[in-house]
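Need coordinates for the following:
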Amino acid sequence: MIYFKVILRLCFALFHLVGNVHMYSIVKRQVPNFQWYQAGHVTSHKITEASGLAASRKHPGAIYTHNDHGGAAEIYVINALTGEKEATLTISGVTSNDWEDIALGKCHPDPNSGFCIYIGDFGNSGKGALNNIYRVTEPDDLSSQTIHVGSNDKLEFSWNFDDCETLMVDPSANLFIISKVSNGHGTIAQLPNSAWGSSSRVSLSSTAVVNIESGSNDPVGGDISPNGNEVLVKTHHNIYYWNLHGSNDYLATLQTPGTKLAYKDEPQGEAVCWDATGLGYYTLSEGQDQILYHYVK
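Residues are numbered from 1 along each chain as shown. Take a look at the predicted model:
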């Protein structure tokens, strides 16, 4: 009887081991493989410190970008195939202390909602972070124009960190930010879609920490895929990837180890976004005459 129990335990242990290996192989197969190519050159003298990217949902082939600290309150429309600047969106009614990231998603949780560009003015330019987020509706046409931001489209928040460079929006118009810290283990906080229109600063508290490794002040950018199921977080020298498998729990998912994806190291790469299809992503470095990279499966 003793030998029989020992054999049963060994069989159970072997079954458990094989099962884990099988599950690990499934997870590994679910990580997509991307190849990069040069989509174009961003030669505009106006774009010298590109800090964020967002792919238009309304205008196929258009990408929004902006400069960080010291830059004007402007969003630049670039051609995804050439990198050429096609228009300038001047944003009025806002500050431009240190815009560090932008994101694109639904303006409201209503399924019939249009799309908005979200702007994160929360970087530490040396004068301290303002911790403001603005949203503007994607324009009907992409000619150069001025877009005014009213009080209902300004979200002010407070938290215990003095620097942030990552702004993401899910399909329900909830926002997620990640603090920028020396080891990359930034704190992840959610700003719910109900936070807009508050008459006072929204106080954020979170114990969730993004599970990446870095020897620099990171992360510097991120994006949620159009379908909400995949997440990218960028450090200075890597791009990390997560698949939610339909859970919609971004805070829990980002605390699991991220998987490194293909990345062509850039001089000072901070900007990353999914393309409009969600099948690939773009990166762009700060600096003059930089290459716009497109990564595809």
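
Quick check: end-to-end length of stretch 283-297?
End-to-end distance of stretch 283-297 (C-alpha to C-alpha, to the nearest Å): 15 Å.

cool, and stretch 249-262?
End-to-end distance for stretch 249-262, by C-alpha to C-alpha: 25 Å.

Give the buried residues for it.
If you call a residue buried by 16 or more other C-beta atoms under 10 Å, then stretch 249-262 has these buried ones: 250, 253, 254, 255, 258, 261. The C-beta positions use only the backbone N, C-alpha and C, and glycine is treated the same way.

what about the helices in the stretch 101-250 of the chain?
For the stretch 101-250 of the chain, the helices defined by DSSP state H, counting those that start in this stretch cover 250-253.

residue boundaries of the strands in it?
Assigned by DSSP state E, counting those that start in this stretch, the strands in the stretch 101-250 of the chain fall at 115-121, 132-137, 145-148, 154-158, 164-169, 175-179, 188-191, 202-203, 221-224, 230-234, 239-243.

out of these, nearest to residue 284?
Evaluated with C-beta to C-beta, the strands of the stretch 101-250 of the chain place strand 221-224 nearest to residue 284, the distance being 9.9 Å.

what about residue 57, how many residues close to it?
Residue 57 has 16 neighbouring residues, counting by other C-beta atoms under 10 Å.

again with residue 140
Neighbour count of residue 140, defined by other C-beta under 10 Å: 9.

residues contacting it?
Neighbouring residues of residue 140 by C-beta atoms under 8 Å, 6 or more residues apart in numbering: residue 58.

How about residue 197?
Residue 197 neighbours (C-beta under 8 Å, 6+ apart): residue 152.

Out of the strands of the stretch 101-250 of the chain, which gets nearest to residue 45?
Between residue 45 and these, the shortest gap by C-beta to C-beta is with strand 145-148, which sits at 20.3 Å.

on that earlier part again, export the strands of the stretch 101-250 of the chain as a markdown table, with columns for distance to residue 51, mean neighbour count and mean pLDDT.
As requested, the strands of the stretch 101-250 of the chain are exported to a markdown table (distance: least, C-beta to C-beta, whole Å; neighbours: other C-beta atoms under 10 Å; pLDDT from 0 to 100):
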| stretch | distance to residue 51 | mean neighbour count | mean pLDDT |
| --- | --- | --- | --- |
| strand 115-121 | 9 | 24 | 98 |
| strand 132-137 | 15 | 21 | 98 |
| strand 145-148 | 19 | 13 | 98 |
| strand 154-158 | 19 | 17 | 98 |
| strand 164-169 | 7 | 28 | 98 |
| strand 175-179 | 14 | 26 | 98 |
| strand 188-191 | 19 | 20 | 98 |
| strand 202-203 | 23 | 14 | 97 |
| strand 221-224 | 8 | 29 | 98 |
| strand 230-234 | 11 | 24 | 98 |
| strand 239-243 | 16 | 21 | 98 |
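
okay if I get the ones you listed as CSV plus distance to residue 282?
Output for these, formatted as CSV (distance: least, C-beta to C-beta, whole Å):
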stretch, distance to residue 282
strand 115-121, 15
strand 132-137, 20
strand 145-148, 23
strand 154-158, 26
strand 164-169, 15
strand 175-179, 19
strand 188-191, 23
strand 202-203, 30
strand 221-224, 9
strand 230-234, 10
strand 239-243, 11
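
for these, which one sits closest to residue 276?
strand 115-121 (10.3 Å).

which one of the strands of the stretch 101-250 of the chain lies closest to residue 96?
Closest among those, using C-beta to C-beta: strand 115-121, at 6.7 Å.

Distance from the chain centre to the closest one, please.
Relative to its chain's centre, strand 115-121 lies at 11 Å (C-alpha atoms, centre = their mean, to the nearest Å).

What is that strand packed up against?
strand 50-55, strand 99-106, strand 132-137, strand 164-169 (3 or more C-beta pairs under 8 Å, 6 or more residues apart in numbering; DSSP states H and E).
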